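[1] show me the folded form of this:
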Amino acid sequence: MDITPVVPAGRQLIQGYGAGKFRIAGQVHEGSVLVFAERTVAWPVSEAAAITPESLAEITAAEPGVDILIVGCGAAFEPRPQGLMEGLKDAGVVLEWMDSGAACRTFNVLLAEDRAAAAALIAVD
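    So this is what the prediction gives:
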């Protein structure tokens, strides 16, 4: 049985992760990434403590806007940095914080539902 979510062509479906990279929409991306519905960009963050509203400026400035941000904080769940949720809320973005594996799966579900979501994913080994 095929359980791959159905998404429109050109969408950034996350197909795999590990060994410090992600496979997204058929392309391999080394290191951490920001994933939007129609594009993926490198993100120079390698640990949860370094995630700040400033490091997520591309998310809050995105057009069309992002309503939900899924953050994958690495291989294991870690507490989110102080003030991060509030800073994103001020920008109108709801933060969902989880480990990177769960974040990949959650982003794919939101992508299939055509939600205004993005993901900030720390690469895992």
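[2] and M85, what element?
    helix 84-90 (DSSP states H and E).
[3] tell me which residues of the helix of greatest length in the chain come out buried.
    Longest helix in the chain by number of residues, with DSSP state H as the criterion: helix 100-112. Buried residues in helix 100-112, counting neighbours by 16 or more other CB atoms under 10 Å, are found at 100-101, 103-104, 106-108, 110-111. All C-beta spots, glycine's among them, are computed from the backbone N, C-alpha and C.
[4] same list, these, but as JSON lines with distance to G83 please.
    Shown next, in JSON lines, are the buried residues of helix 100-112 (distance: CB to CB, whole Å):
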{"residue": "S100", "distance to G83": "22"}
{"residue": "G101", "distance to G83": "26"}
{"residue": "A103", "distance to G83": "20"}
{"residue": "C104", "distance to G83": "25"}
{"residue": "T106", "distance to G83": "23"}
{"residue": "F107", "distance to G83": "23"}
{"residue": "N108", "distance to G83": "29"}
{"residue": "L110", "distance to G83": "25"}
{"residue": "L111", "distance to G83": "28"}
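[5] between those residues, which sits nearest G20?
    S100 (11.2 Å; CB to CB).
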